[in-house]
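# build me a model from this:
(2 chains)
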Protein chains: 2
Amino acid sequence: MVTIDSLICSRMDRRAIEDTLAGGIDCVTVTCGFWEDTTESMDAVVRWGELVTDNADLAVLVREPGDIDRAAAEGKLAILLGFQNSAFLQGRLGYVELFKKMDVHVAQLTYNIQNDIGGSCYEPADSGLTRYGREVVAEMNRVGMVIDLSHVGDRTSLEAIEASERGVAITHANPQSLVDHPRNKSDDVLRALQKNRGVLGVTMYHNITRGFHETVDQWSEMVARTVDLIGVDCVGIGTDHNQHGDEGYLRWMRNGRWSRREQKGAGIAPPPARRSWYTTPHSHREILPALLRRGFDEREAGQILGGNWHRFYAQNLTPAGGRS
Amino acid sequence: MVTIDSLICSRMDRRAIEDTLAGGIDCVTVTCGFWEDTTESMDAVVRWGELVTDNADLAVLVREPGDIDRAAAEGKLAILLGFQNSAFLQGRLGYVELFKKMDVHVAQLTYNIQNDIGGSCYEPADSGLTRYGREVVAEMNRVGMVIDLSHVGDRTSLEAIEASERGVAITHANPQSLVDHPRNKSDDVLRALQKNRGVLGVTMYHNITRGFHETVDQWSEMVARTVDLIGVDCVGIGTDHNQHGDEGYLRWMRNGRWSRREQKGAGIAPPPARRSWYTTPHSHREILPALLRRGFDEREAGQILGGNWHRFYAQNLTPAGGRS
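Okay, here's the model as predicted:
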């Protein structure tokens, strides 16, 4: 069984790699950036590459899906590079392929505000997928870069799923029908995702898991109800974990360079009195027993813990037209 | 026999690809840029990729050395991406590897003026290879990006050859002892190149071939004397051909954004009354008979026409530490 966390936003160091491995996690998709332009994004890709090079005894950079298995076989952490926005493209369609060649395999179409591709989940109105957005979706399909819709608005998400010829991802969000929050996903989007053979990474970030966030058993209940909604083949885990995250980093995520006023991101309501049961990657080890307690069998629990993402990456990271 | 032109500065279109193939050329190293910064350079890489995609029946983008043979076997032109400067790095060591991943395989350390890496052949004083330059040379060695010294100053060239653990290239220049011009190479540099197992691409650009430029037999005499200087294993051909080059493009090459006054590049003296015998890639077919007339045997002529570059690329385009 391969255990995959489809989204973390930690800025990792050796200690974080060790912690992640100690949590039994074989592969993480990391966040290289949010608002960074092309060269800033390349600087981030360089830094992640250096982290892997400097810790080659513990980590592997994923170039192709098979690297996930190779890393797991060696007891190393497979680090898969992604962005939570498309600012790294600077409006250039051709950069999709260039960043794919730089081993960036996942990109969210929008982050917290509208961009040239489409609307965000926090915008009052969602334009839907733009003309440029349609070009980007087709190009991501062609080169094998995964389309992530986690922070994307509903209309843009539905149109992106409709436009995509390959499976799309929602790497870190929960069903809106279980936890009412604009960052969570409507039944319409989840049904479209299921039809598309995509995967949803259910998450444990307290702001969008409210009511299911205090204990691993509450959280497993949410997972079970999510499986009831879209089936066990479409559910994975994306923790949204932010190890060592400080206030400055959180402010960068929320404000970028687009606002001077306080922006709250997902923190629309005051945070719950008790935070999430998931405090470090070590908490990941609590998931399997909790899923079994909740009534999943070993095979289903394995799908949720990583099997579904493993299949999804194998299907969607390779170029449509041959070698990358 | 594979025929390789180690440097052209043409902005190619389908017609230029056809002309190059009609000249019997299997592989060209092209110029993606001179003064362009990172994103402008990536824009150029995108355009070259699109040229290949749009003419996939005629051309192949070289990702690894074996692609040259694969293209030749299919009667297609192998296009190898290079830069005539290091401006594309924007001072970032880590971008060497990222551009290598984008299939940029050759970079000149400096163009016509000093930069953060070293001195140019046209500067009154040559600093030698800088501290950053030493980092870049080691990184190019590591990732398998060829170091080109064609426009580089003597001291920087000698120090780069000394610093490089792999073969270096002079993709387009002639011996200074045969044609006295600052762009041509001193005996010291040529001896160091020979010791380094590098390759010199002798060229036919009239400004730096003066006296040997009017007929293919004059030019073959220059080739023969170059072989006398550094041996037949170190001599290839780099035409510096500029098909469809107009005044605006020439001005960009010479002035970039660093000067408003007229800069002459290699055109220090008025151009010779008669231009080079090499007018289009079709002229390339005149070379083999001329080399044979001059006394080379078939094997030696094959080395000069492409065999030496073929061996050099096979040795120096692969990463030092494994897969690219």
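# so which bits of the stretch 101-250 of chain A are right by chain B?
Contacts of the stretch 101-250 of chain A with chain B, taken as Cβ under 8 Å from any Cβ of the partner chain, map to A:Lys101, A:Met102, A:Asp103. From N, CA and C alone the C-beta is placed, and that goes for glycine too.
# just the buried residues from those, in PyMOL please.
Here the buried members of those are turned into a PyMOL selection, burial being counted by 16 or more other Cβ atoms under 10 Å in any protein chain shown:
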select buried, chain A and resi 101+102+103
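# pick the one among the residues of the stretch 101-250 of chain A next to chain B closest to A:Ala273.
Closest approach between these and A:Ala273, by Cβ to Cβ: A:Asp103, at 41.4 Å.
# contacts only, for the closest one.
Neighbour list for A:Asp103: A:Val45, A:Leu61, A:Val62, A:Arg63, A:Leu81, B:Lys101 [criterion: Cβ atoms under 8 Å, 6 or more residues apart in numbering or on different chains].
# of all pairs in the residues you listed, which one is the farthest apart?
Pairwise distances across those (Cβ to Cβ) peak at 13.6 Å, for the pair A:Val62 and B:Lys101.
# find the least confident helix or strand in chain A, judged by mean pLDDT.
helix A:247-255 (a mean of 94; mean pLDDT, DSSP states H and E).
# once you drop chain neighbours, what's closest to the residue in the stretch 101-250 of chain A that chain B sits nearest to?
Residue nearest to chain B within the stretch 101-250 of chain A: A:Lys101 (4.8 Å; Cβ to the nearest Cβ). Spatial nearest neighbour of A:Lys101, chain neighbours left out: B:Lys101 (4.8 Å); criterion: Cβ to Cβ, 6 or more residues apart in numbering or on different chains.
# hey, where'd the helices end up in the stretch 151-300 of chain A?
Under the criterion DSSP state H, counting those that start in this stretch, helices of the stretch 151-300 of chain A are mapped to A:154-163, A:187-195, A:216-230, A:247-255, A:287-293, A:298-302.
# also the stretch 1-150 of chain A?
According to DSSP H, counting those that start in this stretch, the helices that the stretch 1-150 of chain A contains are A:14-22, A:38-54, A:66-73, A:95-101, A:131-143.
# looks like A:Gly236 contacts A:Gly302 (just checking).
No: using Cβ atoms under 8 Å, A:Gly236 is not in contact with A:Gly302, being 11.0 Å away.
# where in chain A is pLDDT low?
Applying pLDDT under 70 to the predicted model, the residue ranges of chain A that meet it are A:321-324.
# again, 90 this time
Using pLDDT under 90 as the threshold, the predicted model of chain A has low-confidence ranges A:1, A:243-246, A:268-271, A:273, A:275, A:321-324.
# what residue is smack in the middle of it?
Nearest residue to the geometric centre of chain A (Cα atoms, centre = their mean): A:Thr171, 3.0 Å.
# show me the contacts for that residue.
Taking Cβ under 8 Å, 6+ apart, one finds A:Ser6, A:Leu7, A:Thr29, A:Gly82, A:Val106, A:Gln108, A:Asp148, A:Ser150, A:Gly201, A:Gly238 in contact with A:Thr171.
# 10 Å - rerun?
When contacts are counted by Cβ atoms under 10 Å, 6 or more residues apart in numbering or on different chains, A:Thr171 is found next to A:5-8, A:29, A:31, A:82, A:84, A:106, A:108, A:146, A:148-151, A:199-201, A:203, A:236-238, A:240, A:309.
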